[in-house]
Each structure stands twice: as structure tokens, then as C-alpha cells.
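> pasted the sequence and its predicted model underneath.
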Amino acid sequence: MPRLTVLPHPQLCPDGASVEAAAGARLSDALLAAGVAIEHACERACVCTTCHVVIREGFAALRTAGDDEEDQLGRAWGLEPTSRLSCQVRLPADAELVVEIPRYSRNFVREHD
């Protein structure tokens with residue numbers, strides 16, 4: 001069963017979190033189920049960057065990002081070599097990930113209301 005450690009985020013997860021999830025689940029869904037209200041403005045369709053996360057540990061266990069995800073990641077705030085869109089990450093069975101949610105997110109829907 002995948003295990004996730006979510007580093008503290010001032011608004012979304014002030015104390016951090018430890019989460020167990022189902023193998024094959026999307027990382028974003030696992031976070032949401034654990035009460036971490038990560039943004040997902042495009043409803044997890046891989047057309048925005050609001051669910052951007054940085055995988056601090058366990059990145060090598062994940063499948064490589066697809067072309068659509070890579071294209072979107074280029075627009076993410078605070079992009080790092082281990083950045084991913086959490087809606088595109090499927091959790092491997094024995095994954096142990098440490099996840100950081102960047103302090104800022106570019107939500108063009110919210111910013112243009």
C-alpha cells in the first residue's frame with residue numbers, strides 16, 4: 001500500500017500529513033481523501049497546473065510524466081526537476097513518497113474572476 005508524507009503547507013496542510021492510499025490511485029485523489037484540499041481547477045484533466053507538487057522522496061518509483069503533463073508543467077510556479085501534476089501521478093503499490101505542495105499555484109480561473 002502506498003504511503004505518503006505530505007510536508008506542511010501554511011494553508012492546505014499546516015501540520016503536514018501521513019497518508020495511506022490504494023495502489024493505482026491518483027496522487028491528487030489520495031490527498032483530497034486525506035483532507036488535503038489541493039487545488040484542481042481543471043477537474044484533473046491535465047490542462048492546468050493547480051495540483052502541482054514536488055516529490056521530495058520516491059520520485060524514481062513513479063512512471064515518467066507524459067507529454068501533456070510535461071507541457072503543463074512548463075507553466076507551473078516553482079518548477080523543480082521532481083515536479084509533477086498530482087492528477088497525473090498513479091501511485092505504485094509499494095511507493096513511499098514525500099510530497100511538498102508549493103506555496104503558490106497559478107489558478108487562472110480564480111485570478112480572472
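Perfect, thanks for sending it.
> who are the neighbours in contact with the residue nearest to the spatial centre of the chain?
The geometric centre of the chain, computed from its C-alpha atoms, lies nearest to Ser86 (C-alpha atoms, centre = their mean), at 2.9 Å. Contact criterion C-beta atoms under 8 Å, 6 or more residues apart in numbering gives Arg26, Leu27, Ser28, Leu31, Ile38, Cys51, His52, Val53, Val99 as the residues in contact with Ser86. Yep, even glycine has a C-beta here, placed from its N, CA and C like the rest.
> widest-spaced pair of the residues you listed?
Based on C-beta to C-beta, the longest span within the contacts of Ser86 runs between Arg26 and His52 and measures 13.9 Å.
> of the two, who's got more company?
His52 (26 against 20; other C-beta atoms under 10 Å).
> residues contacting that one?
Counting by C-beta under 8 Å, 6+ apart, His52 touches Leu73, Ala76, Trp77, Gly78, Leu79, Ser83, Arg84, Leu85, Ser86, Pro102, Ser105.
> and the gap between it and Leu27?
His52 sits 11 Å away from Leu27, going by C-beta to C-beta, to the nearest Å.
> which residues are common contacts for those two?
Taking C-beta under 8 Å, 6+ apart as the contact rule, His52 and Leu27 both touch Arg84, Ser86.
> shaky segments in the chain?
Counting by pLDDT under 70, the chain shows low-confidence ranges at 105-113.
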